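> From the sequence below, what's the structure:
(chains A and B)
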Number of protein chains: 2
Amino acid sequence: MTNQTMYELGNQPSLIRELFAYGLAQAKVVGPENVFDYTLGNPSIPTPDAVTQAIKDILDDTDSIKIHGYSMAGGFDGTREAIAANLNERYGTDIKASNLFITCGAAPALISVIKGLAVEGAEIMAIAPFFPEYRPFVNNNGAKLVVVPADREHFQIDLAKVEELMTPNTQAIIINSPNNPSGVVYTKETLTALAELLTKKGEEYGHPIYIIADEPYRELVYGGVEVPFIPNIYKNTIVCYSWSKSLSLPGERIGYFLVPDACENAQEVFLAASGAARVNGHVCAPTLPQMVIERCVGEMPNLQAYDDNRTLLYDSLTAMGYRCAKPDGAFYLFVEVPGGDDFGFCMKAKEEHNLLVVPGTGFDCPGYMRLSYCVSNEMIRRSLPAFEKMIADLK
Amino acid sequence: MTNQTMYELGNQPSLIRELFAYGLAQAKVVGPENVFDYTLGNPSIPTPDAVTQAIKDILDDTDSIKIHGYSMAGGFDGTREAIAANLNERYGTDIKASNLFITCGAAPALISVIKGLAVEGAEIMAIAPFFPEYRPFVNNNGAKLVVVPADREHFQIDLAKVEELMTPNTQAIIINSPNNPSGVVYTKETLTALAELLTKKGEEYGHPIYIIADEPYRELVYGGVEVPFIPNIYKNTIVCYSWSKSLSLPGERIGYFLVPDACENAQEVFLAASGAARVNGHVCAPTLPQMVIERCVGEMPNLQAYDDNRTLLYDSLTAMGYRCAKPDGAFYLFVEVPGGDDFGFCMKAKEEHNLLVVPGTGFDCPGYMRLSYCVSNEMIRRSLPAFEKMIADLK
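Okay, the predicted model is just below:
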């Protein structure tokens, strides 16, 4: 008497959430200092003081009815103008407020775009390793997910595989850089070559193939690495963004989708995604956070703590003999599992050491594990003997 | 190259939003004091001071990482416990935190439940007049909306029509009381008779027929009228709620769905609706508002301003000769259009008087117009000559 697909999705929470819940429960048994939880991408850096101050200022200087009233579906004009101006300043673009639709975070932004592009038979590609929720997001919103196998050498994009898997039904390819789970940033060379391929295939098929750039980690990079702004490389790029990671506001659900004018059928795509948002019950994005973004769009996170964690964890694990993708961005390490059995490793780590890591299989990349290093530096230090013991046991 | 259904939904904004946008534009031309905008259900009473104070207190007394971090998908335990305790105290129920799933407002709550119940061929009923978005919410989420014509005498529920329109595919009936747009509260007698009918037909069909109680206006009643708590009348009731109206927080997107244990297949329905939320990109409801609700769940709005508006508008219009449904709740009057041509009346009112009212046709009840009286008392006073002129012209 219920929709079985929805029931199954509700009854099988993501493995990440399950491990996280296990960690919370186990902390009550063995003490939180003895649980090493690397599962969740929940920022561990506080939001900038400017954000907290902006909330207080808004409460004091703005009429409460305006703060908490509805905005138009796409968001307040002032917020959209501030975002457009910030992007234009940073990337030399010509984005207008009307190209932006503010959403309750990146997930509904992605889904609106996917659903808007979901014509009969539509295929949407994702490049392994990828965020596991892409699968229900695509497959349960009218399209079919096509998985491009991982480039296990550099975790860039295997363009030959992309071309091989393309069909006239290919509507879009999701690009997530800095990448969850690998922490890798796609280079300008990779993206330029991808753009050439998409242009060629788009001409062959007689319709554009869009890049859906899922960019919540855009600002989380280390060592001066550049994250190319994809609309400047490929015109048919739709950007989905959230401030969850960059301003440490994941709980407040604030993001956007952006369809630049240069996109083919820009207006049609924007309206289709807006219609999809409406069907999914989007009324407007939360208004107090919208006002905060208007005032704080130029704020940048202080990434020192993540960078320290990254260095400590990467250096320690590689010294022990673990092999790891080069982690230039986001807050994840993607580590080769010694012996290759990622599920076995993760279960053993959990049961013997209360060490919680996520199997790569969930990201369509078996043989690896994801470590979220948005944790305390102390937890990393305390967890190192467990990693040491795990690799020793496998030798 | 885009999904045409989504495109059309994005390209045809609701008439209400269109009239509202016209009003904003017209205010710049003729001055805001000469536009009489009765279109939008945007609360005009400020949120209680306790809410503003709670936001400030939380910012001062809670760790910023906790405030703005993810919650579990269904919401913080503390928030859900506070809501359950409040409902149990008010209605003598036995609701548990685990029966509640906190959402980004009532719209996604409704859609999650609809989508969770949308088995092959599913029909979901709505009783005219009803909120126009029910149509895309149901028809574009896997079910079919079946409209029960209005009881134009009392704006209660025409049970003979409900029975006539039921089929073995009927999964649920949406009940919205206090009603948007009529302002009518369904009586205990109406609901008890409906419950008997649904029980009888459920037994006949061999499956439960759920009530989906859409209750954002539950606390907005005047003159001591009682709003029955439907789960106490009919066990197969799923409640969808939001604090948009009761705490004047529509922009902050905070509500819930509630599946009491007494519902048949309660756990299955809860999980199916949770799965639907996941598919629609729900990650969690905004966390700062969740914490506010935990502290302010017992707050009640000061309805005096709405009550004053209701009395002024109702008394003035009926004195002029307009006829109106008995407005016991919400903040709407549903007024019979003299002459019966609701579109013609609304267009003339708009063009000749900058008087913006919504045609009843949009609510599946032609011949009426909806006036949202969540406006300033002064605007109502200034608008009265326009109503006077409109009815005089039609005589």
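
> Tell me the spacing between residue A:89 and residue A:229.
12 Å (Cβ to Cβ, to the nearest Å). Every residue, glycine included, has its C-beta placed from N, CA and C.

> Settle it for me: which of the two has more neighbours?
Neighbours per residue (other Cβ atoms under 10 Å in any protein chain shown) separate residue A:89 from residue A:229, with residue A:229 holding more: 18 against 10.

> contacts for the helix or strand encompassing residue A:25?
Assessed by DSSP states H and E, residue A:25 sits inside helix A:15-30. Outside helix A:15-30, the residues that touch it by Cβ atoms under 8 Å, 6 or more residues apart in numbering or on different chains are A:34-35, A:37, A:39-40, A:132, A:350, A:354, A:356, A:358-359, A:362, B:72-73.

> Please repeat the previous calculation with a cut-off of 7 Å.
A:35, A:37, A:39-40, A:354, A:356, A:358, A:362 (Cβ atoms under 7 Å, 6 or more residues apart in numbering or on different chains).

> repeat for stretch A:150-170
Counting by Cβ under 7 Å, 6+ apart, residues outside stretch A:150-170 touching it are A:121-123, A:125, A:127-129, A:146, A:148-149, A:179, A:182, A:184, A:186-187, A:190, A:193-194, A:197, A:201, A:205, A:209, A:325, A:365.

> Tell me which of those fall in strands.
Residues of the contacts of stretch A:150-170 located in strands (DSSP state E): A:123, A:125, A:127, A:146, A:148.

> Now do the same contact list for the first one.
What it means is residue A:123. Here residue A:123 is in contact with A:143-144, A:146, A:167, A:169-171 (criterion: Cβ under 7 Å, 6+ apart).

> Can you lay out those as TSV showing neighbour count and secondary structure?
Shown next, in TSV, are these (neighbours: other Cβ atoms under 10 Å in any protein chain shown; DSSP: H, G, I helix; E, B strand; the rest coil):
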residue	neighbour count	secondary structure
A:143	23	coil
A:144	14	strand
A:146	17	strand
A:167	10	coil
A:169	16	coil
A:170	21	strand
A:171	25	strand
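
> from the middle of its chain, how far away would stretch A:13-27 be?
20 Å (Cα atoms, centre = their mean, to the nearest Å).

> Secondary structure element for the residue nearest in space to the middle of chain A, which one?
Closest residue to the average C-alpha location of chain A: residue A:216 at 5.0 Å, with Cα atoms, centre = their mean. Residue A:216 belongs to no helix or strand when elements are defined using DSSP H and E.

> Now do the phi/psi pair for it.
phi -70, psi -20 (degrees, to the nearest 10).

> Now do it against residue B:284, distance only.
15 Å.

> Tell me the residues of the stretch 151-300 of chain A that contact chain B?
Residues of the stretch 151-300 of chain A lying close to chain B (Cβ under 7 Å from any Cβ of the partner chain) are A:207-208, A:248-253, A:265, A:268-269, A:271-272, A:274-276, A:278-281, A:283-284, A:286-288.

> what's the answer for the stretch 1-150 of chain A, then?
A:1-3, A:6-11, A:42, A:44, A:46-47, A:52, A:55-56, A:59, A:64-65, A:68-71, A:104-105, A:107-108, A:110-111, A:115-119, A:136-137, A:140-142.

> which residue ranges form the strands in chain A?
Counting by DSSP E, the strands of chain A are A:36-37, A:100-103, A:123-127, A:144-148, A:170-175, A:210-214, A:237-242, A:255-258, A:332-336, A:355-356, A:358-359, A:368-372.

> Need those strands in JSON lines (columns: distance to residue A:22 and mean pLDDT).
JSON lines is the format used below for those (distance: least, Cβ to Cβ, whole Å; pLDDT from 0 to 100):
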{"stretch": "strand A:36-37", "distance to residue A:22": "9", "mean pLDDT": "96"}
{"stretch": "strand A:100-103", "distance to residue A:22": "31", "mean pLDDT": "98"}
{"stretch": "strand A:123-127", "distance to residue A:22": "27", "mean pLDDT": "98"}
{"stretch": "strand A:144-148", "distance to residue A:22": "28", "mean pLDDT": "98"}
{"stretch": "strand A:170-175", "distance to residue A:22": "29", "mean pLDDT": "98"}
{"stretch": "strand A:210-214", "distance to residue A:22": "27", "mean pLDDT": "98"}
{"stretch": "strand A:237-242", "distance to residue A:22": "26", "mean pLDDT": "98"}
{"stretch": "strand A:255-258", "distance to residue A:22": "29", "mean pLDDT": "98"}
{"stretch": "strand A:332-336", "distance to residue A:22": "19", "mean pLDDT": "97"}
{"stretch": "strand A:355-356", "distance to residue A:22": "7", "mean pLDDT": "96"}
{"stretch": "strand A:358-359", "distance to residue A:22": "12", "mean pLDDT": "96"}
{"stretch": "strand A:368-372", "distance to residue A:22": "15", "mean pLDDT": "97"}
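
> Turn those strands into TSV, including distance to residue B:298.
TSV is the format used below for these (distance: least, Cβ to Cβ, whole Å):
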stretch	distance to residue B:298
strand A:36-37	35
strand A:100-103	32
strand A:123-127	46
strand A:144-148	46
strand A:170-175	44
strand A:210-214	41
strand A:237-242	33
strand A:255-258	32
strand A:332-336	42
strand A:355-356	38
strand A:358-359	40
strand A:368-372	38
